[in-house]
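Asks: here are the coordinates; sequence isn't available:
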């Protein structure tokens, strides 16, 4: 049990729609990262937030955006969904006192 | 750009045997992680390796890090069926954020 929760667990959307995924971190974990894991591949870094500011971004287009809130929750928003966006989306929060990232259970997004 | 390679990609081994998974990475980093992932599940942290020569052991798994060679190994001793999973190594960025770059994963199947 990592103390990181994500919602929803599963989601089915249609191409062109928009989606918001949510993550809740442990208290005190002021860094949250989002990753996309396509089937059969390793997770790919989307972006990271530190104290509510974006702090690094991977090779993802601007239609992937995020927010981090003061209560240690965060969101990943994806606009204009494409079929290739179908994946497991993982958030990870970091304990500033330890070199450790704690992953949530993930949200499985299917785009049809 | 940091690249992380794992080999083998697939490993099928008999119970009781020993084997090693290799993780090579392309640029300097002082933090390397090993994760386990069961089908349809999130990532479970196994080891965090923070310095050259670091060695950590948990049960039948032992991980080591050679930062000069940019190589980490995950050694499995006397494999049991419960170790069947996909194993990922991930290397942390040295540039002010905690972006993890993951390897391709090694799908391990233990045959009774």
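Replies: Perfect, I can see it now. Nothing here was measured: the structure is a model prediction, and the numbers come from that model. Residues are numbered from 1 along each chain as shown, chains lettered A, B, ... in the order given.
Asks: isn't residue B:11 right up against residue B:19?
Replies: Yes. If you go by Cβ atoms under 8 Å, residue B:11 and residue B:19 touch, sitting 6.3 Å apart. Quick note: C-beta positions are derived from backbone N, CA and C, even for glycine.
Asks: show me the strands in chain B, by range?
Replies: Per DSSP state E, chain B carries strands over the ranges B:4-7, B:10-14, B:19-25, B:32-37, B:43-49, B:55-58, B:61-66, B:71-76, B:85-92, B:100-102, B:106-111.
Asks: quick one: the longest one to strand B:71-76, angle?
Replies: Counting by axes from the mean of the first three to the mean of the last three Cα atoms, to 10 degrees, strand B:85-92 points 160 degrees away from the direction of strand B:71-76.
Asks: out of the strands of chain B, which gets nearest to residue A:89?
Replies: Of all these, strand B:43-49 sits nearest to residue A:89, with 12.5 Å by Cβ to Cβ.
Asks: okay, angle between that closest one and strand B:71-76 too, please.
Replies: Strand B:43-49 runs at 120 degrees relative to strand B:71-76, counting by the same axes, to 10 degrees.
Asks: could you pull out the buried residues of stretch A:11-18?
Replies: Neighbour-count burial for stretch A:11-18, counted by 16 or more other Cβ atoms under 10 Å in any protein chain shown, picks out residue A:13.
Asks: good, we can wrap up now.
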